[in-house]
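1. Sequence and predicted model, in that order:
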Amino acid sequence: MSSASEIRQQYLDFFKSKGHVIVPSAPIVVKNDPTLLFTNAGMNQFKDYFLGNKTAPYPRIADTQKCLRVSGKHNDLEEVGVDTYHHTMFEMLGNWSFGDYFKNEAIAWSWELLTDVYKIDKDRLYATVFEGDQKENLPASSIALAKWQQYLPKEQIVYGNKKDNFWEMGDTGPCGPCTEIHVDCRTAEERAAVPGNLLVNKDHPQVIEIWNNVFIQFNRKKDGSLEPLASTHVDTGMGFERLVRVLQGKQSNYDTDIFSNTIKEVEKITGKVYHPLLTPADSVKAAGASPIGGGWEGAVAFRVLADHIRAISFTIADGQLPSNTGAGYVIRRILRRAVRYYYSYLDYKQPLLHQLLPVIAAQFETVFPELHKQQDFVAKVIKEEEEAFLRTLEKGLKRMDTIIAAQSGGTISGTDAFELLDTFGFPIDLTRLIAGENNLMVDEAGFETEMQQQKNRSRAATSMETDDWQIVSEGNSRGFVGYDSLEAKTTILRYRKVKGKGKELFQIVLNETPFYAESGGQVGDTGYLSLVNGSIEIIDTKKENDLIIHFTENIPADLSGDVIAKVDSIRRKHIAVHHSVTHLMHSALRQVLGTHVAQKGSLVNEEHLRFDFSHFAKVTDEELVQVEKIVNEKIRENIPVVIKSMSKDEAIALGATALFGEKYGDVVRVVMMDPAYSIELCGGTHAGSTGELGVFKIRAESAVAAGVRRIEAVSGVAALDLIEENFSALHGLKTLLKNPANIQQAIESLLAENTALGKRIESLEARQLVGIRNELMQKDEIINNVSFIGEIIEVPNADALKKLCFDFKNHVHDHLIILCANIGGKANVAVSVSETVAAAKNLDAGKIIKEIVSPLIKGGGGGQKTLATAGGQDAGNFKELIEKVKGLI
């Protein structure tokens, strides 16, 4: 039986023998595509070739691509691990033709690989072909059908409708019919009982799709119409995990050697045993046992961990840290789901996922080496995320107890169920499980309503309506020409209107452009386009995949003819200064802190730079001074900034720093500032020499995430402005202190004097409070065996009211006390109830504050059962307030 590694290599070797160039996987985290957070298909990195924005460097390409899906058809996150064949992260084996071969060759090679190389039983293979669509005026796929008829009997060819057999990139863009290949993995008895062709695309767990060949031949326009493409392409994708399952003769993807070592490690860590054949009927809940560990839920937990650790690890390695927004939130959701499963079903109450990193990193070292190279960093991030969520989980369980205790109707509301998910990370199935253990139901319809409302809010916040491109001039963009010149004579190729967040903008594509598009942390250029009949202000420049798009608020009616594109040169210069100094600082950090420092994110604009990097401790003030000193020395040396293009291998051999999560071509741009000091792969714009940077100052250092620190700094004019600002503040301080000879000593003396005065005031206040307490105790009134004190008093601050109440607890035993004070025109009230009175009279200080005090003082507050405080706007009702509270006893 072949191993997973051997099966992957056989695929790549086969297509290499068919003239395909083998290319590396793109990062799983998408940087320059506004329609995607993650690479969710093998074709993502080739979109520009299909869209006609660029010409493919090779007519035939093959690879294995890291992909991530957590939504859409068959990819709901909550189902991963419940079945045996869907995943969050998966590998997609793919082969592509860009205007080269088409249907006949693609199908023939698919058949050859599956039957001659992998030796899959021909009787178990089924092919689907597009049946056509009358509404779209699309004929059936006659070429694909004829080709399949050469290999398969008609019983093994299944017609598919547009939903199953017509692939589309999105609402608009390249699309075309597809042919899927399915494998029937059932036993001989099962196959004899029900023909496989009846189970194709019916979600049968043993009759599964393993390969999809898409034939891209149309472009979907915004109005819904289809137009034929000038060139036809092939885009295929084969799920690696499913293929290995078939070739290794397993009934589950998780039983293959892709996942088995991870599952064994989980067994070793938790002391639990994985039972792959358990079904929902084996649920420990159904058996009346504790839900902790074992049973079907335990088996699901093993699969969830084996799946999720891959998605979490590779996304972090490719530069996406867990967070509360966007792609980071998706990673956090996946991680928290995994934590919840080992916490609830494997009875493991401490961080577990980070312990699996060595297994995953070693497994993928030769195919996706970026994880192995960052193993310690990724493990640290995961561990801290786990620890944080375990604390949140404990709080969530307490909140669940509160919700259960408050139930009277036997149903947990949809609002509460959604709060548990949104605030505490409790998926609905966990809420359902705990509710069931307490003989409660969950309003799942209400929960779904809340979920849909959240999705609608999120969609409204991010939705962008994009019109079709309007062609002005034929041709493809030649891209960026702005390294050497900030002005270029060009033409407008096309434009389109976009609407989003209540704003309408236009996007323009130029034949060639001096405008740098936002990427690599550097912001996009601004400037102007000069036309015969006016000018267009460019307010931003971005990339959509590799297509450079210029944003403007208005365009003239006529966009034809030559255009002079001119970048805002002053702004570009300030940006270049901050980009170059970022390189100097990166090298200085590695010199001062160690070579483990690696860039994890950056922002470079005209005002400042922000640099995120891997480091596991706060950077000390002394270390920051050292970094500043090194960078400023390099600036004074006025080192030429040398930029060269060379092969990636040559650049790495020179010692160039490449960033994890970035996609590099065969030829890379290398930026050197003394090759012995700083050499990096970089596509950004830079100063001509380090002397142009002027001076460098660090403004702040902080934590961003587990194992990631952030430095904010300035250089050039921005640094001079900061220095001027600081000198001005220092001068003002000196003036206030009467120009002392030693300003630090003067401030230290002032602080010491202030501390001494503070202690003296505290002592005087304490004596004052003792006097007030003694005076109030003389006014103690006994009502129904309860000591009542209700007075309006004068105190310096609201905290004094609370201190008095604490003091009374030691001097007046069975009491109800309300103290009121007008402090600076504001009402302040404290209520104290002894525990004996609270129990005997069923009184609660917090409730008294909320129900009686807050309305009368027009304010709010709260506290504990025996002590609570409030503040408000109206200090005129104190007497009425005291009488109402007195009436309680």
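-> The structure has been received and is ready for your questions.

2. Check which element follows the longest helix belonging to the chain along the chain.
-> Ranked by number of residues, the top helix in the chain under DSSP state H is helix 743-777. Next in sequence after helix 743-777, counting helices and strands by DSSP states H and E, comes strand 781-783.

3. Now find how far off-centre that following strand is within its chain.
-> Remark: strand 781-783 is offset 62 Å from the chain centroid, using CA atoms, centre = their mean, to the nearest Å.

4. Which residues does that strand contact?
-> Ser787, Phe788, Ile789, Lys886, Ile889 (CB atoms under 8 Å, 6 or more residues apart in numbering). No exception for glycine: its C-beta is placed from N, CA and C like everyone else's.

5. ok, now stretch 398-409?
-> So stretch 398-409 is contacted by Ile412, Asp416, Glu419, Leu420, Thr423, Phe424, Phe426, Thr431, Ile434, Ala435, Asn438, Leu440 (CB under 8 Å, 6+ apart).

6. Among the residues you listed, name the buried ones.
-> Neighbour counting with 16 or more other CB atoms under 10 Å marks Ile412, Asp416, Glu419, Leu420, Phe424, Phe426, Thr431, Ile434, Ala435, Leu440 as buried within the contacts of stretch 398-409.

7. Could you report the separation of the second one from Leu584?
-> Taken as CB to CB, to the nearest Å, the spacing of Asp416 relative to Leu584 amounts to 54 Å.

8. again with the first one
-> Distance, Ile412 to Leu584, by CB to CB: 57 Å.

9. about what we covered before: how far does the longest helix of the chain sit from the chain's center?
-> That offset, for helix 743-777, works out to 49 Å (CA atoms, centre = their mean).

10. Can you tell me the element the residue nearest the centre of the chain falls in?
-> By CA atoms, centre = their mean, the chain has its centre lying nearest to Gly328, at 1.2 Å. Following DSSP H and E, one finds Gly328 within helix 326-345.

11. what's downstream of that helix, the next helix or strand?
-> helix 357-363.

12. For the stretch 601-750 of the chain, give me the ranges with low pLDDT.
-> Along the stretch 601-750 of the chain, segments meeting pLDDT under 70 span 661.

13. where exactly do the helices run in it?
-> 621-636, 648-653, 717-736, 743-777 (DSSP state H, counting those that start in this stretch).

14. same thing with the stretch 101-250 of the chain?
-> Taking DSSP H, counting those that start in this stretch as the criterion, the stretch 101-250 of the chain carries its helices at 103-111, 142-149, 162-165, 188-193, 240-247.

15. got the contact list for the residue of the chain most remote from its centre?
-> In the chain, the greatest distance from the average C-alpha position (CA atoms, centre = their mean) is reached by Gln778, at 63.4 Å. With contacts defined as CB under 8 Å, 6+ apart, Gln778 has no neighbours.

16. And it, how far from Arg124?
-> Gln778 is 97 Å from Arg124, by CB to CB.

17. what does Leu531 give?
-> 63 Å.

18. and if you look at Glu650?
-> In terms of CB to CB, Glu650 sits 48 Å off from Arg124.

19. Between those two, which is the more surrounded one?
-> Shown here are Glu650 and Arg124; by other CB atoms under 10 Å, Arg124 has more neighbours (17 against 13).

20. Looks like the more buried one contacts Asp184 (just checking).
-> Yes: taking CB atoms under 8 Å as the definition, Arg124 is a contact partner of Asp184 at 4.6 Å.

21. that older thread, state the mean pLDDT of the helix holding Gly328.
-> Averaged across helix 326-345, pLDDT comes to 89.

22. now swap in stretch 821-836 and tell me
-> Here the average pLDDT along stretch 821-836 is 93.

23. likewise stretch 106-122?
-> Stretch 106-122 comes out at a mean pLDDT of 97.

24. Which secondary structure state is assigned to the closest residue to His354 other than its chain neighbours?
-> Once flanking residues are discounted, His354 sits nearest to Lys383: 3.9 Å by CB to CB, 6 or more residues apart in numbering. Under DSSP: H, G, I helix; E, B strand; the rest coil, Lys383 falls in the helix class.

25. separation between Lys383 and Leu335?
-> Going from Lys383 to Leu335 by CB to CB gives 11 Å.

26. Help me confirm that Gly176 comes into contact with Asn165.
-> No: the pair Gly176 / Asn165 is not scored as a contact, 10.1 Å apart, by CB under 8 Å.

27. For the spatially closest residue to Pro195 that is not a sequence neighbour, give me the pLDDT.
-> Spatial nearest neighbour of Pro195, chain neighbours left out: Glu155 (6.9 Å); criterion: CB to CB, 6+ apart. Looking at Glu155, its pLDDT is 94.

28. wouldn't Val246 be in contact with Val183 here?
-> Yes: taking contacts as CB under 8 Å, Val246 lies within contact range of Val183: 5.1 Å.

29. what about Phe616, distance to Gln350?
-> Counting by CB to CB, the gap from Phe616 to Gln350 is 20 Å.

30. should've said Lys648
-> The value you get for Lys648 to Gln350, if CB to CB is used, is 42 Å.

31. And the two? Which one has more around it.
-> Lys648 (16 against 12).

32. Now for the more buried one: which residues touch it?
-> Ala658, Tyr664, Gly665, Asp666, Val667, Val668, Leu681.

33. Nearest to Asn161 among these?
-> Proximity to Asn161 was ranked across these by CB to CB; first place goes to Gly665, at 39.7 Å.
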